[in-house]
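Undergrad: need a structure here:
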Amino acid sequence: MTSYDVQFQKGLSLRDFLEDYGSEDACRDALIRARWPEGFICPECGSTRHCCLARGLFQCQDCRKQTSPTAGTIFEGTKLPLTVWFQAMHLLTQGKHSISALELKRQLGVHYETAWMMKQKLLQVMIEREERTTLSGRVEVDDAYMGGERHGGRRGRGAEGKTPFVVAVQTDVEHPEKVLFMKMKALEAVSTKELEPWFRRSIEPGTLVLTDGWRAYNFLEPDYDHDAQKAPGGWQSAQVPAFRWVNTVLGNLKGNIQGVTRWVSRVHLDRYLAEFQYRFNRRFDMKSILPRLLTAAAKTPAMPQRLLILPWMDKAA
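TA: Numbers count the residues shown, from 1 in each chain. Predicted structure coming up:
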């Protein structure tokens with residue numbers, strides 16, 4: 001698929017979305033299919049023998065446990081109609097850019113705190129799904145910083161008030177101009193201690209990895225085919241051909257963050273990086289993003305609100 005095809009694919013239109021998920025029954029049936037594609041399986045004993053109760057519950061005929069379609073999923077305990085959740089998933093997946101919690105509030109007709117909580121839970125689904133993504137072949141790597149520049153402060157690595165993160169972009173080995181997938185992670189510091197465990201989980205051994213000459217990347221040899229490029233640092237690094245695509249992705253990411261959410265707390269940065277990554281890695285088939293997110297949401301355990309809520313001023317938009 002060419003870049004033109006990616007940009008102009010149909011995706012899931014609002015009309016198609018309403019046809020597929022326009023009612024509570026349709027959303028409930030879609031969630032059940034996503035959670036139990038081969039039919040109901042009791043989460044307690046694994047039995048498939050069950051009956052359906054009037055309250056929309058499934059009851060296992062062996063252990064007698066009653067289960068709702070939302071129990072044990074990211075939707076557990078919700079008081080909102082499933083149609084509202086599906087609308088949120090549609091808004092989060094079909095645009096090129098993200099949508100702020102404030103805009104989500106307006107579109108869904110819910111309180112801001114509700115919209116913020118819904119977004120964080122759906123982003124948690126994305127981050128847990130993206131943890132399994134691995135890169136291979138040819139990978140451009142760079143580290144960057146989230147946060148504004150302080151007047152008179154230090155720039156680049158070690159700058160105060162900024163959160164470092166690493167970005168890896170996989171391109172086609174024979175056609176480096178073709179970008180395939182990407183992966184990102186927030187860091188405490190751009191150090192071997194922080195980078196090495198992430199590399200081991202995220203990039204397959206033997207991969208051609210292009211980085212700048214920062215010593216924190218020295219651990220890559222000999223398990224990876226490490227190509228350390230000389231880079232001037234700062235914005236001038238974007239002029240180095242070896243880092244063309246990782247810098248393009250970085251520019252798009254920062255434009256999205258600054259244009260939509262304005263600012264992201266370090267506590268939540270990994271979720272916002274995962275959101276961008278989730279859409280990017282599935283951009284070749286936008287129509288399937290929502291059902292794939294639904295499947296992931298049905299398999300993601302409940303996320304207690306206490307793990308998401310922070311003081312008001314520490315919330316991302």
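
Undergrad: following the chain past the helix or strand of the chain with the lowest mean pLDDT, name the next helix or strand.
TA: The weakest-scoring helix or strand in the chain, judged by mean pLDDT, DSSP states H and E, is helix 3-7 (a mean of 60). For helix 3-7, the following helix or strand on the C-terminal side (DSSP states H and E) is helix 14-21.

Undergrad: and that next one, average pLDDT?
TA: Mean per-residue pLDDT for helix 14-21: 94.

Undergrad: and stretch 85-100, by the same measure?
TA: Rounded mean pLDDT across stretch 85-100 is 91.

Undergrad: stretch 269-276 now?
TA: pLDDT averaged over stretch 269-276 gives 93.

Undergrad: alpha carbons of that stretch, as PDB, please.
TA: Extracted in PDB, the C-alpha atoms of stretch 269-276 (Å, rounded to 0.1, in the frame of the first residue of the first chain):
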ATOM      1  CA  LEU A 269       3.100  10.000  28.800                       C
ATOM      2  CA  ASP A 270       3.400   6.300  28.000                       C
ATOM      3  CA  ARG A 271      -0.300   6.000  27.300                       C
ATOM      4  CA  TYR A 272      -0.300   9.000  24.900                       C
ATOM      5  CA  LEU A 273       2.700   7.600  23.100                       C
ATOM      6  CA  ALA A 274       0.900   4.200  22.800                       C
ATOM      7  CA  GLU A 275      -2.200   6.000  21.400                       C
ATOM      8  CA  PHE A 276      -0.100   7.500  18.600                       C
END
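
Undergrad: how far out from the middle of the chain is it?
TA: Centroid displacement of stretch 269-276 relative to its chain, using C-alpha atoms, centre = their mean, to the nearest Å, is 5 Å.

Undergrad: quick one: buried residues of it?
TA: By 16 or more other C-beta atoms under 10 Å, the buried positions in stretch 269-276 come out as 269-276. Yep, even glycine has a C-beta here, placed from its N, CA and C like the rest.

Undergrad: repeat for stretch 223-232
TA: For stretch 223-232, by 16+ other C-beta under 10 Å, it's 224, 226, 228, 231.

Undergrad: can you list which of these are found in strands?
TA: Among the buried residues of stretch 223-232, the ones falling in strands (DSSP state E) are 226, 228.

Undergrad: closest one to G147 out of the buried residues of stretch 223-232, please.
TA: A231 (21.1 Å; C-beta to C-beta).

Undergrad: surely the closest one meets G213?
TA: Yes. Shown here, A231 and G213 form a contact pair, counting by C-beta atoms under 8 Å, at 7.1 Å.

Undergrad: just to revisit the earlier point, got a markdown table for the buried residues of stretch 269-276, with distance to E130 and secondary structure too?
TA: Compiled in a markdown table, the buried residues of stretch 269-276 are given as follows (distance: C-beta to C-beta, whole Å; DSSP: H, G, I helix; E, B strand; the rest coil):
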| residue | distance to E130 | secondary structure |
| --- | --- | --- |
| L269 | 14 | helix |
| D270 | 10 | helix |
| R271 | 10 | helix |
| Y272 | 12 | helix |
| L273 | 9 | helix |
| A274 | 5 | helix |
| E275 | 9 | helix |
| F276 | 10 | helix |
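
Undergrad: the longest helix in this protein is where?
TA: helix 112-130 (DSSP state H).

Undergrad: neighbouring contacts of the helix or strand following it?
TA: Sequence order places strand 138-146 as the next helix or strand after helix 112-130, per DSSP H and E. Contacts to strand 138-146, defined as C-beta atoms under 8 Å, 6 or more residues apart in numbering, come from residues 156-157, 159, 162-173, 176, 186-187, 190, 203, 207-212, 214, 217, 237, 242-247, 250, 254, 257, 264, 269.

Undergrad: at 6 Å instead, please
TA: Here strand 138-146 makes contact (C-beta atoms under 6 Å, 6 or more residues apart in numbering) with 162-164, 166-171, 173, 190, 203, 207-211, 243, 245-246, 250.

Undergrad: what is the nearest of the buried residues of stretch 269-276 to T133?
TA: The nearest member of the buried residues of stretch 269-276 to T133, counting by C-beta to C-beta, is A274 at 9.7 Å.

Undergrad: my guess is the closest one contacts R132. True?
TA: No. Using C-beta atoms under 6 Å as the test, A274 is too far from R132 to be in contact (11.7 Å).

Undergrad: fine by me, we can end here.
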